[in-house]
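Engineer: Let me see the structure of the following:
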Amino acid sequence: MRASLIQIAVDPDEPVESRRQRVASLVREQRERYGADLVVLPELWPTGAFAYESFADEAEPLEGPTYEAMAKAAADAGVWLHAGSIVERDPEGPLYNTSLVLSPAGELVRAYRKIHRFGFDKGEAVMMGAGEELVTVTAAGLTFGLGTCYDLRFPELFRGLVDAGAQAFVVPAGWPARRREHWTLLARARAVENQAYVLACGTAGTHAGVEQAGHSIVVDPWGEVLAEAGPAEEVLVVDLDPAKVTTTRDQFPALKDRRLR
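Structural biologist: Below is the predicted model:
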């Protein structure tokens with residue numbers, strides 16, 4: 001199966017609705033232009049991951065304006081779409097950093113509320129609720145486990161996703177440039193230790209004064225980097241072979257030697 005990761009540049013001068021429509025256009029062209037089966041977007045691309053002052057104003061329900069724009073784009077293109085994440089407003093609770101996965105018919109298949117909130121008692125860590133559910137979804141022949149940005153630092157989450165059947169992980173992010181080396185290192189580590197693909201899609205640009213790392217990356221189950229973006233807006237296109245996960249786990253069966261659960 002073929003995946004496109006769209007590394008969106010978040011410009012604070014671009015209105016949110018304009019960015020939604022621009023991104024929808026990018027999603028629509030992935031099937032025809034690249035033959036993509038799966039399209040992945042970054043974390044909180046409508047608002048910017050560090051634009052905390054905008055979270056309350058831009059919060060939306062699961063099937064709000066971002067979902068509507070992305071659902072139509074996914075259906076028009078006929079692709080599976082991990083639509084990155086939004087600031088979700090739960091009518092009965094706090095805000096959440098929530099990822100949306102849409103089918104090629106534009107249906108909302110799964111939603112994942114970010115479990116590990118970044119901020120050390122500031123920003124997202126105090127403004128948003130924590131998710132509690134491990135989420136997997138099977139799309140285009142692979143079972144994907146879902147994580148978001150700061151989640152990448154917590155290997156137990158990804159091991160839990162492997163136990164739930166994950167062969168690959170999708171990790172949208174708004175990762176800061178000053179810790180870019182951690183981003184690349186952790187993406188490769190999660191791939192190697194779980195013998196799974198990692199599709200890590202970040203943002204470009206600067207939001208709320210925080211320069212973004214970009215450098216979206218796709219890593220195979222052996223830890224080899226299949227594709228890596230630069231710092232600017234870019235599309236990565238990569239082919240994923242579900243059989244490679246099985247082969248890697250059979251030829252080097254480290255997961256069978258686990259003793260701690």
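Engineer: What segments of the stretch 101-250 of the chain are strands?
Structural biologist: With DSSP state E, counting those that start in this stretch, the ranges of strands along the stretch 101-250 of the chain come out as 108-113, 136-139, 142-146, 168-172, 197-201, 204-207, 210-211, 217-219, 225-228, 234-239.
Engineer: Quick one: closest of these to F50.
Structural biologist: F50 lies closest to strand 210-211 among the strands of the stretch 101-250 of the chain, at 4.2 Å (CB to CB). Every C-beta, even on glycine, is put in place using the N, C-alpha and C of the backbone.
Engineer: Ranked by average pLDDT, which of the strands of the stretch 101-250 of the chain falls at the bottom?
Structural biologist: By mean pLDDT, the lowest-scoring of these turns out to be strand 204-207, with a mean of 92.
Engineer: Just put the strands of the stretch 101-250 of the chain in TSV and tack on mean neighbour count and distance to V101.
Structural biologist: Supplementary listing: the strands of the stretch 101-250 of the chain in TSV, determined by neighbours: other CB atoms under 10 Å; distance: least, CB to CB, whole Å:
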stretch	mean neighbour count	distance to V101
strand 108-113	20	5
strand 136-139	18	5
strand 142-146	25	7
strand 168-172	29	8
strand 197-201	28	13
strand 204-207	21	23
strand 210-211	16	27
strand 217-219	25	18
strand 225-228	16	21
strand 234-239	17	18
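Engineer: Pull up the distance across stretch 204-215, start to finish.
Structural biologist: When the termini of stretch 204-215 are compared using CA to CA, to the nearest Å, they are 8 Å apart.
Engineer: What's the separation between W45 and M70?
Structural biologist: 10 Å (CB to CB, to the nearest Å).
Engineer: Next, count neighbours for the closest residue to V23 other than its chain neighbours.
Structural biologist: If the residues on either side of it in the chain are set aside, V23 comes closest to I8, at 6.1 Å by CB to CB, 6 or more residues apart in numbering. Other residues near I8 number 28, with proximity taken as other CB atoms under 10 Å.
Engineer: Let me see the contact set for I8.
Structural biologist: Neighbour list for I8: 19, 23, 26, 41-42, 45, 84, 203-204, 233 [criterion: CB atoms under 8 Å, 6 or more residues apart in numbering].
Engineer: Would you confirm that L81 contacts V101?
Structural biologist: Yes: L81 sits in contact with V101 when judged by CB atoms under 8 Å, with a separation of 7.2 Å.
Engineer: of these two, who's got more company?
Structural biologist: For L81 against V101, the residue with the higher neighbour count under other CB under 10 Å is L81, and the figures read 27 against 23.
Engineer: show me what contacts the more buried one?
Structural biologist: If a contact means CB under 8 Å, 6+ apart, then L81 has 27, 38-41, 70, 73-74, 101-102 as its contacts.
Engineer: again, 7 Å this time
Structural biologist: The contact partners of L81, taken as CB atoms under 7 Å, 6 or more residues apart in numbering, are 27, 39, 70, 74, 102.
Engineer: That one in helix, strand or coil?
Structural biologist: Of the three states, L81 takes strand under DSSP: H, G, I helix; E, B strand; the rest coil.
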